[in-house]
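Trainee: dropping the sequence and predicted coords here.
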Amino acid sequence: MTTESSLRADIVEVGRRMYARGYTASNDGNISVRLGADRLLMTPKSVCKGFMTPDMMCVTDLEGRKLQGDRDPSSETLMHLEVYRQRPDVQAVVHAHPPTATGFAVAGIPLDRAVLAEVLTTLGSIPIAEYATPSTAELPDAVRRYIKAHDGMLLANHGALTVGTDLFGAYYKMETIEHFAKISLVARLLGRENLISREEVLRLQELRGSYGIKAPAPICLDDNAPPAAGGDDPASCQVVQAPIGGGLRLVPEATGAPRPTGGPAGDEAEIRLTYRELSALIEDAVRNLR
Ligand SMILES: [Zn+2]
């Protein structure tokens, strides 16, 4: 059984890792865990997450009222409370400002393309919750739209939020988001981002069951997704952008066929270009004509 003292020690360790990896600067970020049915253990406001001690933590009720602790709970307590309210399965919440993922959040670019198998099987996609003033009730409102279907999200012009059935699970999702953001950035800087096909995405989704991954919602492909973005309805699935056909098969068929080594995408494969990439290609072609 998890004791309160070991949970306090775990929060200290996760805070230390977040700070060491540059996911937070100064006093940024906050961490909480459930402490029984009606209490939470929460990091205090205005402390550096890299140098916390177990005695610094606050115990609050599910309304955010402090029950125990010398310090006041995190200024983002309202956001944590909303997550626990919406997701009875969640035991821990982690919020940080990892720079590459936060860069995507600032640019308004969600991490929702089918690029990495491990991200598709775990987080599915990582949407962006609309901008809200930190520490106000706007932030829980923005998070509410995505939290039922997602274990991780970007917060526009702010940072990232992850949840889990235990504290380290929530923290590792933060690592996955930042890692995914770095890889996506490098691929886009290199000028090419080959997407995994939608057939493969659906196959990976089936693997969730065999690996015992409990995703909060199924993956839905971009063109059959419900209209979540822009509306007020909560997201009900994890919207992933994946092209039809083509792409490399990463998972062998269940018949035990050998894993293909892959090859170039077929002639019918769909590729996606941004307007900037398309313009660059056209400019190149025109230049070569001269
Ligand atoms: Zn923050």
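Mentor: Structure's in. What do you need? Note that the structure is predicted; figures quoted are calculated from it, not measured.

Trainee: now do the helices in the stretch 101-250 of the chain.
Mentor: Assigned by DSSP state H, counting those that start in this stretch, the stretch 101-250 of the chain shows helices spanning 117-122, 138-147, 167-190, 198-211.

Trainee: so which elements touch the last one?
Mentor: If contacts are counted by 3 or more Cβ pairs under 8 Å, 6 or more residues apart in numbering; DSSP states H and E, helix 198-211 sits against helix 117-122, strand 219-221. Any C-beta I mention is one placed from the backbone N, CA and C, and that applies to glycine too.

Trainee: list the buried residues in it.
Mentor: Buried residues in helix 198-211, defined by neighbour count with 16 or more other Cβ atoms under 10 Å: Arg198, Glu200, Val201, Arg203, Leu204, Gln205, Arg208.

Trainee: and for the third one?
Mentor: Buried positions in helix 167-190, judged by neighbour count with 16+ other Cβ under 10 Å: 167, 169-181, 183-184.

Trainee: next: the second one.
Mentor: The neighbour-count check on helix 138-147 (16+ other Cβ under 10 Å) flags Leu139, Pro140, Asp141, Ala142, Val143, Arg144, Arg145, Tyr146, Ile147 as buried.

Trainee: turn these into JSON lines, columns for distance to Ala114.
Mentor: Listed next are these as JSON lines, based on distance: Cβ to Cβ, whole Å:
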{"residue": "Leu139", "distance to Ala114": "29"}
{"residue": "Pro140", "distance to Ala114": "30"}
{"residue": "Asp141", "distance to Ala114": "29"}
{"residue": "Ala142", "distance to Ala114": "25"}
{"residue": "Val143", "distance to Ala114": "24"}
{"residue": "Arg144", "distance to Ala114": "26"}
{"residue": "Arg145", "distance to Ala114": "22"}
{"residue": "Tyr146", "distance to Ala114": "19"}
{"residue": "Ile147", "distance to Ala114": "22"}
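
Trainee: any idea which of the buried residues of helix 198-211 is closest to Ala235?
Mentor: Ala235 lies nearest to Gln205 out of the buried residues of helix 198-211, by Cβ to Cβ, at 16.3 Å.

Trainee: which one is Arg39 nearest to, not counting chain neighbours?
Mentor: Val59 (5.7 Å; Cβ to Cβ, 6 or more residues apart in numbering).

Trainee: re the thing from before, and which of the buried residues of helix 138-147 is nearest to Ala129?
Mentor: Ala142 (4.2 Å).

Trainee: what sits against that closest one?
Mentor: Listed by Cβ atoms under 8 Å, 6 or more residues apart in numbering, the contact partners of Ala142 are Ala129, Glu130, Tyr131, Ala132, Leu155, Ala156.

Trainee: out of these, which one sits closest to Met42?
Mentor: Leu155 (18.1 Å).

Trainee: residues contacting the residue lying closest to that closest one once chain neighbours are set aside?
Mentor: Excluding the flanking residues, the one nearest Leu155 by Cβ to Cβ, 6+ apart is Ala129, at 5.2 Å. By Cβ under 8 Å, 6+ apart, the residues touching Ala129 are Ala142, Val143, Arg145, Tyr146, Met153, Leu154, Leu155, Ala156, Leu161.

Trainee: if we go to 7 Å?
Mentor: By Cβ atoms under 7 Å, 6 or more residues apart in numbering, the contact set of Ala129 is Ala142, Val143, Arg145, Tyr146, Met153, Leu155, Ala156.

Trainee: distance of the fourth one from Val119?
Mentor: So the one you mean is Tyr146. Tyr146 is 16 Å from Val119, where distance means Cβ to Cβ, to the nearest Å.

Trainee: doesn't Val12 belong to a strand?
Mentor: No - applying DSSP: H, G, I helix; E, B strand; the rest coil, one finds Val12 to be helix, outside a strand.

Trainee: use 22 as the first number from now on
Mentor: With 22 as the first residue, the last one maps to Val33.
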